[in-house]
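Asks: Structure here, sequence nowhere to be found:
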């Protein structure tokens, strides 16, 4: 089988510190894949290696294309939308301008794409002239999702969408991600500390430990796995 | 815990939405200043003349201040070479005219040259040091100041040059008030160029991408904006604005010399800080306010002779910053995370 995204022995450094020590993973088109792990395990760096915001070595293939030398501007053009930690919204710009920037790489009218996004986030329409920085944390996370989705990405990279949000909002955001996946066929690679909710959402998952893949497999199997239960699910 | 509501805040709350934004100290103060200028102009011919002359001069300060702000937002430094870049492009116009182009042909050709010049300066001199430290970039701009000054003096000499006047010497008399065509022309050209640039930033995809690249480079990259390219283009547009300021400043001083823009850069800097360094609108309003204020003070306050204009401008700046440290249009950042 060949996935939409394939990583083989990917390594990455921050200065002298090695953050990834040979990560291999695969994301099939139309699926949701979760990456779990403790702080500093390399979850965020894995996403950054894919989008090209960090230098990396190893083999990275996206839709048959080698990503190794590409920066974030180029991977965005290939259809990889990365919602980073801190959401990457443009706080000083309006909601509408954020959406327009999401569709920056698309040519022509974006009206139709915006309509599609508004179906999932109807409240954004009333706030289109509001500065993104004045939205609440949950609203900003949804705006970040909407902005990524306007680009009609082939792959969505989500970094800790639950971070700092109230449980009810986390449930709401994960519901929307699932809907985008089921109805629009959106492929998602999501990094999460909250293993409970991530394993519910994703079909397959990877567990990272100090820059390596320690475990991988279908979510149900991982949920039953003893070390995952103890370390990440807490029972 | 009960929040204490001040009386002005309570008054503001009872107003309709569209009025609420205006009932704040700065907009009210500016509105009062406008009323003062209009009433004064209706009452006194001298006052009207000085106001128009001040407006014309103020838009020159405003254009250069706006160039400083554009670069400050993108590169987070004051470009100390902005005035010298403007001066150099004015010499380009001088050269083109002496080769036989008409004034306005040379004007537009110079704007194109200025754009390329700005882009090249960013790519060659600024980009290599941009990610090292702010102080490195500042020193590079100071070096550029000296370099450009030296190159212009070497190429064209330090002696005075004369350019044809862009606007006629006609003076219009409206009800006893004399308006110089040159002042009106300067006003028109400067305001038009600022408005065009504003429209570009506000309404076009390129403008949006440039704002995104300046505000949040990392996020801009993730949506596919080529940030380095946008920053270079931003420097290009700043140089174009500077060129307009230089070309409009030249006729006001009647001669062209390498020190043309040095006092104007200081006024523009004062205007940009007055408006609140990060605010393009603030830079323009600050420039205009400074121009009008200095002209009126020169007319009516005896001891402020031309030698005292610059110190006086900075004294006013100091007082404003003591009251409002973020500048008139600078925002104290309040943001939810």
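Replies: Done, it's in. For clarity, every value in this text was computed on a predicted model and none was experimentally measured.
Asks: Show residues contacting stretch B:148-165.
Replies: B:81, B:84-85, B:87-88, B:91, B:93-95, B:97, B:103, B:182, B:250-251, B:254-258 (C-beta atoms under 8 Å, 6 or more residues apart in numbering or on different chains). The way it works is simple: take the backbone N, C-alpha and C, and place the C-beta from them, glycine included.
Asks: Quick check: residues of the stretch 101-250 of chain B near chain A?
Replies: Selection of the stretch 101-250 of chain B residues close to chain A by C-beta under 8 Å from any C-beta of the partner chain yields B:205, B:208-209, B:211-212, B:215-216, B:218-227.
Asks: Pull out the buried residues from those.
Replies: For these, a burial check counting by 16 or more other C-beta atoms under 10 Å in any protein chain shown picks out B:208-209, B:211-212, B:215-216, B:219-227.
Asks: Among those residues, pick out the one closest to residue A:174, please.
Replies: Ranked by distance to residue A:174 (C-beta to C-beta), these are led by residue B:222 at 21.7 Å.
Asks: Off-centre distance for the top helix by length along chain B?
Replies: In terms of residue count, the longest helix belonging to chain B (DSSP state H) is helix B:45-75. From the chain centre to the centre of helix B:45-75 is a distance of 5 Å (C-alpha atoms, centre = their mean, to the nearest Å).
Asks: The residue of chain B found nearest chain A: what's it in contact with?
Replies: With C-beta to the nearest C-beta, the shortest gap between chain B and chain A falls at residue B:224, namely 3.5 Å. With contacts defined as C-beta under 8 Å, 6+ apart, residue B:224 is in contact with A:72, A:73, A:76, A:77, A:104, A:105, A:151.
Asks: State the phi and psi torsions of the closest residue to residue B:180 other than its chain neighbours.
Replies: Nearest non-adjacent residue to residue B:180, counting by C-beta to C-beta, 6 or more residues apart in numbering or on different chains: residue B:171, 5.4 Å away. Residue B:171 has phi and psi values of phi -120, psi 120 when expressed as degrees, to the nearest 10.
Asks: Count the residues that sit near residue B:171.
Replies: Taking other C-beta atoms under 10 Å in any protein chain shown as the neighbour definition, residue B:171 ends up with a count of 12.
Asks: Past the helix or strand encompassing residue B:202, which element shows up next along the chain?
Replies: Residue B:202 is part of helix B:181-203, with elements assigned from DSSP states H and E. Beyond helix B:181-203 in the direction of the C-terminus, DSSP H and E gives the next helix or strand as helix B:205-215.
Asks: which other helices and strands contact the helix or strand following that next one?
Replies: Reading on from helix B:205-215 to the C-terminus, the next helix or strand found by DSSP H and E is helix B:217-222. Identification of packing neighbours for helix B:217-222 by 3 or more C-beta pairs under 8 Å, 6 or more residues apart in numbering or on different chains; DSSP states H and E yields helix A:72-78, helix B:205-215, helix B:227-253.
Asks: most packed of these?
Replies: When neighbours are counted by mean count of other C-beta atoms under 10 Å in any protein chain shown, the highest per-stretch mean among these falls to helix B:227-253, a mean of 24.
Asks: just checking: which of the contacts of residue B:224 also lie near chain B?
Replies: Counting by C-beta under 8 Å from any C-beta, the subset of those that neighbours chain B consists of A:72, A:73, A:76, A:77, A:104, A:105, A:151.
Asks: so who does the spatially closest residue to residue A:39 that is not a sequence neighbour touch?
Replies: On the basis of C-beta to C-beta, 6+ apart, the spatially nearest residue to residue A:39 that is not a chain neighbour turns out to be residue A:193, at 7.8 Å. The contact partners of residue A:193, taken as C-beta under 8 Å, 6+ apart, are A:36, A:39, A:160, A:162, A:163.
Asks: which one of these sits closest to chain B?
Replies: Minimum separation from chain B among those (C-beta to the nearest C-beta) is found for residue A:163, which lies at 11.0 Å.
Asks: Look up how far residue B:84 lies from the closest one.
Replies: As for residue A:163, its distance to residue B:84 is 48 Å (criterion: C-beta to C-beta, to the nearest Å).
Asks: Equivalent analysis for residue B:272, please.
Replies: Using C-beta to C-beta, which is the criterion applied here, residue B:272 is 17 Å from residue B:84.
Asks: So, low pLDDT: which residues of chain A?
Replies: Low-confidence segments of chain A, defined by pLDDT under 70, are located at A:1-2, A:234-235.
Asks: Around chain B, pick out the residues from it.
Replies: Residues of chain A lying close to chain B by C-beta under 8 Å from any C-beta are A:51, A:53, A:71-73, A:76-77, A:81-82, A:84, A:88-93, A:97, A:100-102, A:104-105, A:133-137, A:147, A:151, A:164.
Asks: Number of residues surrounding residue A:168?
Replies: Other residues within reach of residue A:168 by the criterion other C-beta under 10 Å amount to 9.
Asks: got the phi/psi numbers for it?
Replies: The phi and psi torsions at residue A:168 (degrees, to the nearest 10) take the values phi -60, psi -40.
Asks: ok, now how distant is it from chain B?
Replies: Using C-beta to the nearest C-beta, to the nearest Å, we find residue A:168 at a distance of 18 Å from chain B.
Asks: check contacts around the residue of chain A found nearest chain B.
Replies: With distances taken as C-beta to the nearest C-beta, chain A approaches chain B most closely at residue A:76, which sits 3.5 Å away. Residues counted as contacts of residue A:76 (C-beta under 8 Å, 6+ apart) are A:51, A:82, A:104, A:105, A:151, B:221, B:222, B:223, B:224.
Asks: Noted, bye for now.
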